[in-house]
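Undergrad: With the input below, show me the fold.
(chains A and B, ligands or ions: 1)
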Amino acid sequence: MEELALHILDLLENALAAGARQILITIEEDEDRDLLTIEVRDDGRGMGAETLQKALDPFYTTRTTRKVGLGLPLFQATAAQCGGNVTLESRPGQGTRVVATMKLSHPDLPPLGDMGATIAAALSREEPVELVYHHRRGQKEFKFSSAWLQLHLGEVPLNCGPVLDWIQRYINKGVAELYGGEGK
Amino acid sequence: MKSLEELQKIKETQLEAIRLREAGQKAKIVVGMGTCGIAAGAREVMSAILDELGKRRLTNVDVTQTGCIGLCAQEPLVDVILPGKPRVTYGKVDANKARQIVAQHVVNGIVISEWVVNRGEE
Ligand code: FES
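TA: The predicted structure follows:
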């Protein structure tokens, strides 16, 4: 996966597959400490110690067709290559927390990529999920909350084309502003 | 246009669309978002679909996703379900094919047979 946002989408899909109703994504770019931290926390059904261990094993699958966890070893490999790692905390019934760290200045660090498309993709579903995306970069920050958006929309669902399209553009504009750009 | 004004416009159009249509009269596009799908470009496919729907002002289409359906080799997978019609599954979709699927199948009701990997029961 050539974008961090694609790894994040994979984590979000794992959370949704685990029945999450609330997902919190936090990205922190700390230039002073040369540290990029990506955290995805969910309130899904979680995993026991044994499954947890296997989740980072590329050859493990929870069933023959569903490769839950396949993406985690990929993310782990990317993080390790960039001077960091991925940690996984989970307990049955209590959700899962994945934290990835990487060196911000590492030459192999993939670009953040299209966070707008990632979040729109995760929200494109019938079963509601509350998703919060919080991105800090130095002094600047950007926050997106699907619950806030739903409040604005009233009875209009999130997963209709124009709304998802708006979400994608809104987030990409917000993220671009973190980098000093005007956004698309 | 400012984002929030734009959102308000979208809301009004959608409310209007909700009022006009009967329940169940909505077309649905489903994109597979398993790890293989994501790696094969499913997210770009979804973006292309959203963009195409927006350009064509198609407000009566729901876009949803599904996790892995165990067809790795055919990813990215896209299902199109038109009201009263069986589900049609397309395989190895890219952004360009996705736009054509919207144009031909969703708008005109013409199935693009070459790309179909599965058809649901009538
Ligand atoms: S992710 Fe490969 S078959 Fe599902």
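Undergrad: alpha carbons only for contacts and neighbour counts from here, please
TA: Noted.
Undergrad: Could you give the separation between the terminal residues of stretch A:145-159?
TA: The first residue of stretch A:145-159 is 15 Å away from its last residue (C-alpha to C-alpha, to the nearest Å).
Undergrad: Buried residues, that stretch. List them.
TA: A:146, A:153, A:156-159 (16 or more other C-alpha atoms under 10 Å in any protein chain shown).
Undergrad: now do stretch A:93-113
TA: Buried residues in stretch A:93-113, counted by 16+ other C-alpha under 10 Å: A:95-104, A:109-110.
Undergrad: So which of those residues are in strands?
TA: Among the buried residues of stretch A:93-113, the residues falling in strands (DSSP state E) are A:96-103.
Undergrad: Redo these as CSV? Include distance to A:L35.
TA: Formatted as CSV, those follow (distance: C-alpha to C-alpha, whole Å):
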residue, distance to A:L35
A:T96, 22
A:R97, 19
A:V98, 16
A:V99, 12
A:A100, 10
A:T101, 7
A:M102, 6
A:K103, 5
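Undergrad: Which of those residues sits closest to A:T37?
TA: The nearest member of these to A:T37, counting by C-alpha to C-alpha, is A:T101 at 4.6 Å.
Undergrad: show me what contacts the closest one?
TA: Contact analysis of A:T101 by C-alpha atoms under 8 Å, 6 or more residues apart in numbering or on different chains lists A:35-38, A:79, A:84-86.
Undergrad: same check, this time on A:V86
TA: For A:V86, the contacting residues are A:75-76, A:79-80, A:98-101, by C-alpha under 8 Å, 6+ apart.
Undergrad: In which helix or strand does it reside?
TA: In the assignment (DSSP states H and E), A:V86 maps to strand A:85-90.
Undergrad: any idea how far that strand is from the chain center?
TA: Centroid separation for strand A:85-90 versus its chain: 13 Å, with C-alpha atoms, centre = their mean, to the nearest Å.
Undergrad: Parallel or antiparallel, list what pairs with it.
TA: When pairs are called by DSSP bridges, strand A:85-90 turns out to pair with strand A:96-103 (antiparallel).
Undergrad: So the following helix or strand past the strand it pairs with, near chain B or not?
TA: Downstream of strand A:96-103, the next assigned helix or strand under DSSP H and E is helix A:115-123. Yes: part of helix A:115-123 sits near chain B under the criterion C-alpha under 8 Å from any C-alpha of the partner chain, namely A:117-118, A:121-122.
Undergrad: Show me what helix A:115-123 packs onto, helices and strands only.
TA: Counting contacts by 3 or more C-alpha pairs under 8 Å, 6 or more residues apart in numbering or on different chains; DSSP states H and E, helix A:115-123 is packed against helix A:4-17, helix A:161-178, helix B:42-55.
Undergrad: can you count the residues close to the nearest residue to A:L9 once chain neighbours are set aside?
TA: Spatial nearest neighbour of A:L9, chain neighbours left out: A:T118 (5.4 Å); criterion: C-alpha to C-alpha, 6 or more residues apart in numbering or on different chains. By other C-alpha atoms under 10 Å in any protein chain shown, the residues close to A:T118 number 24.
Undergrad: wait, A:T118 sits on A:L6?
TA: Yes: counting by C-alpha atoms under 8 Å, A:T118 touches A:L6, with 6.8 Å between them.
Undergrad: any shared contact partners between the two?
TA: Counting by C-alpha under 8 Å, 6+ apart, A:T118 and A:L6 have no shared contacts at all.
Undergrad: List just the nearest of the contacts of A:V86 to A:L11.
TA: Closest approach to A:L11 among the contacts of A:V86 (C-alpha to C-alpha): A:V98, at 8.1 Å.
Undergrad: who's the closest one bridged to?
TA: On the basis of DSSP bridges, A:V98 takes part in beta bridges with A:V40, A:L88.
Undergrad: same deal with A:E130?
TA: Beta-bridge partners, per DSSP bridges, of A:E130: A:Q22.
Undergrad: Grab the nearest non-local neighbour of the residue lying farthest from the centre of chain A.
TA: The C-alpha centroid of chain A is most remote from A:E155, which lies 26.4 Å away (C-alpha atoms, centre = their mean). Leaving aside its sequence neighbours, A:E155 sits nearest to B:L15 (C-alpha to C-alpha, 6+ apart; 7.8 Å).
Undergrad: any idea of the mean pLDDT in stretch B:48-56?
TA: Averaged over stretch B:48-56, pLDDT sits at 91.
Undergrad: about what we covered before: find the pair from the contacts of A:T101 with maximum spatial separation.
TA: A:L35 and A:V86 (13.3 Å).
Undergrad: Quick check: which ranges of the chain have low pLDDT?
TA: Chain wasn't specified; assuming chain A. Counting by pLDDT under 70, chain A shows low-confidence ranges at A:58-70, A:181-184.
Undergrad: wrong one, chain B
TA: B:1, B:21-24, B:122.
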